[in-house]
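K.L.:
Pasted the sequence and its predicted model underneath.
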Amino acid sequence: MPVTRESRFQQVSQQLGYEFDGEIKIGGNYTPVLQHGNDVYISGQIPRVGDKVVITGPAGRNVALPVAQKAAGICVMRALALLRQHLGSLDHIQRILRLTVYVQSSADFTSQSEVANGASDILYFVLGEEAGAHVRTSIGVYQLPKNATVELELVAVSV
Amino acid sequence: MPVTRESRFQQVSQQLGYEFDGEIKIGGNYTPVLQHGNDVYISGQIPRVGDKVVITGPAGRNVALPVAQKAAGICVMRALALLRQHLGSLDHIQRILRLTVYVQSSADFTSQSEVANGASDILYFVLGEEAGAHVRTSIGVYQLPKNATVELELVAVSV
Amino acid sequence: MPVTRESRFQQVSQQLGYEFDGEIKIGGNYTPVLQHGNDVYISGQIPRVGDKVVITGPAGRNVALPVAQKAAGICVMRALALLRQHLGSLDHIQRILRLTVYVQSSADFTSQSEVANGASDILYFVLGEEAGAHVRTSIGVYQLPKNATVELELVAVSV
């Protein structure tokens, strides 16, 4: 079987132990994906699988670094799944532009960048070094919707 | 009287109990509105009316959900007022692209998305479902300028 | 000697007491600068000089306003240094578009806008009022990578 973006996406799904092939649910009066020219904007994603947010609470005190990284991974897989759903295939992603990663943090937790690597590494792995390259900002926040450990948003460019 | 964006804007003003027809004051060395091509960027808005920030303190502990939603509504009306002032009319808004909503939150408050609906619902109501659709990120933060309960920023596209 | 952007940049460097002429180090699987069309995106910058984050801890309780403003100044000088490195000269910056300033804040610190002025004022001084004008959002957050007092990101337009 040839190695494709889709096969690498499925490989990451298996490693995380979740599927990202269903419809992505979004609550509220907004849209999960919006294309403007070739830019594709993705709404803030939390580590929700089906109806359940699977990783919650502040990184540091309640959630260890590898678990917070996994949360970031689930978020970015949701974003990739939305891009695939919108564009028809992961191959229509020309590149990722920007990634903002919000990490619910306990007072003394300062490894937000390391948490964000859990998302960045997947972008590089699935899309390759050129298309997966992105600028990034990682922030430690006090709370997130539904007590999620991580929320991230991104902007991609389509072909 | 025909129903227009302007008339719906005035209707929301009345419901909120504030006017958004004056000059919007911005402190500091930056600009409230900036247009680049057709994209129009709006600086972070807090629920300020005239000289006073009218809703302050953390959502959850001090500020109930409906009041925090009203704060989000005031912020987004300021953003719409700035767009109107810059473009000459709300009719020159082709669409809203992105909305980021920062909610000052107490430790256990996890309804940031519900607060953000207070802004998203107004965008849909005033601009309609097509032009008002936007991607959104909602975040719970520890503090905001002048102890505001909500701050939001948005990007619109002009025609 | 004629007054240029570069000479004003060097003047600010001297006032801050740090040099911004070396290579800017970025950790993790992402890129510090990314150009898409004429838009140039800069990753989140903290007040790091060489290997050391020079201003840490929450503004308010641990870090006085002028020191937090200095932190914002160091961050924005790093961003300008990255733009210079990428574009070859500060003269290739057509304008700054957006600036987002995250301020690690103690519970009662509400002067995030004043902290952000420490960055905005430098953009105006180095680039001039027209090119330095930008929309801005200032946020008070609970933690930042490596306990930095300030983190900021920006988008510029190149010529």
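P.N.:
Good, I have the coordinates.

K.L.:
And what about residue A:14, helix, strand or coil?
P.N.:
helix (DSSP: H, G, I helix; E, B strand; the rest coil).

K.L.:
Please, where are all the helices along chain A?
P.N.:
A:5-16, A:65-87, A:112-127, A:129-132 (DSSP state H).

K.L.:
now the top strand by length along chain A against strand C:93-104, angle please.
P.N.:
For chain A, the longest strand by residue count, based on DSSP state E, is strand A:93-104. Counting by axes from the mean of the first three to the mean of the last three C-alpha atoms, to 10 degrees, strand A:93-104 lies at 30 degrees to strand C:93-104.

K.L.:
could the helices of chain A go into JSON lines alongside mean pLDDT and distance to residue B:39?
P.N.:
Placement of C-beta: from N, CA and C, glycine included. Converted to JSON lines, the helices of chain A look like this (pLDDT from 0 to 100; distance: least, C-beta to C-beta, whole Å):
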{"stretch": "helix A:5-16", "mean pLDDT": "97", "distance to residue B:39": "29"}
{"stretch": "helix A:65-87", "mean pLDDT": "98", "distance to residue B:39": "20"}
{"stretch": "helix A:112-127", "mean pLDDT": "98", "distance to residue B:39": "24"}
{"stretch": "helix A:129-132", "mean pLDDT": "94", "distance to residue B:39": "24"}
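
K.L.:
near chain B, which residues of chain A show up?
P.N.:
Counting by C-beta under 8 Å from any C-beta of the partner chain, chain A comes close to chain B at A:27-34, A:36, A:41-44, A:100, A:102, A:104, A:141-147, A:151, A:153.

K.L.:
now the helices of chain A in JSON lines, with mean neighbour count and distance to chain C?
P.N.:
Formatted as JSON lines, the helices of chain A follow (neighbours: other C-beta atoms under 10 Å in any protein chain shown; distance: least, C-beta to the nearest C-beta, whole Å):
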{"stretch": "helix A:5-16", "mean neighbour count": "15", "distance to chain C": "14"}
{"stretch": "helix A:65-87", "mean neighbour count": "23", "distance to chain C": "12"}
{"stretch": "helix A:112-127", "mean neighbour count": "24", "distance to chain C": "4"}
{"stretch": "helix A:129-132", "mean neighbour count": "15", "distance to chain C": "8"}
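
K.L.:
So which of the ones you listed is nearest residue B:131?
P.N.:
When the helices of chain A are compared by C-beta to C-beta, helix A:65-87 sits nearest residue B:131, at 19.3 Å.

K.L.:
Mind giving me the packing neighbours of the closest one?
P.N.:
helix A:5-16, strand A:33-36, strand A:39-45, strand A:48-49, strand A:93-104, helix A:112-127, strand A:150-158 (3 or more C-beta pairs under 8 Å, 6 or more residues apart in numbering or on different chains; DSSP states H and E).

K.L.:
And the residues of chain A next to chain B, which of them are buried?
P.N.:
Buried subset of the residues of chain A next to chain B (neighbour count, 16 or more other C-beta atoms under 10 Å in any protein chain shown): A:29-34, A:36, A:41-44, A:100, A:102, A:104, A:141-147, A:151, A:153.

K.L.:
hmm, back to that, which stretch among the helices and strands packed on helix A:65-87 comes nearest residue B:83?
P.N.:
Residue B:83 lies closest, by C-beta to C-beta, to one member of the helices and strands packed on helix A:65-87: strand A:33-36, at 16.2 Å.

K.L.:
contacting residues around the spatially most central residue of chain A?
P.N.:
Nearest residue to the geometric centre of chain A (C-alpha atoms, centre = their mean): residue A:76, 1.5 Å. Applying C-beta atoms under 8 Å, 6 or more residues apart in numbering or on different chains, we find residue A:76 in contact with A:45, A:99, A:118-119, A:122-123, A:152, A:154.

K.L.:
TSV please, covering those and showing distance to residue C:70.
P.N.:
Formatted as TSV, these follow (distance: C-beta to C-beta, whole Å):
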residue	distance to residue C:70
A:45	35
A:99	28
A:118	32
A:119	31
A:122	36
A:123	34
A:152	30
A:154	32
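
K.L.:
out of those, who's nearest residue A:55?
P.N.:
Nearest to residue A:55 among these is residue A:118, at 10.7 Å by C-beta to C-beta.

K.L.:
So that closest one is in contact with residue A:70, correct?
P.N.:
Yes: the pair residue A:118 / residue A:70 is scored as a contact, 6.4 Å apart, by C-beta atoms under 8 Å.

K.L.:
Now do the longest strand of chain A: which elements does it pack against?
P.N.:
Using 3+ C-beta pairs under 8 Å, 6+ apart, strand A:93-104 sits against helix A:65-87, helix A:112-127, helix A:129-132, strand A:135-141, strand A:150-158, strand B:135-141, strand C:33-36.

K.L.:
and the angle from it to strand A:39-45?
P.N.:
Strand A:93-104 and strand A:39-45 meet at an angle of 30 degrees, taking the same axes, to 10 degrees as the criterion.

K.L.:
can you dump the C-alpha coordinates of stretch A:74-82 into CSV?
P.N.:
Extracted as CSV, the C-alpha positions of stretch A:74-82 are listed here (Å, rounded to 0.1, in the frame of the first residue of the first chain):
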residue,chain,number,x,y,z
ILE,A,74,-6.8,14.8,19.0
CYS,A,75,-7.6,18.5,18.4
VAL,A,76,-5.4,18.7,15.4
MET,A,77,-6.8,15.4,14.0
ARG,A,78,-10.3,16.9,14.2
ALA,A,79,-9.0,20.0,12.3
LEU,A,80,-7.5,17.8,9.7
ALA,A,81,-10.7,15.8,9.5
LEU,A,82,-12.6,19.0,8.9
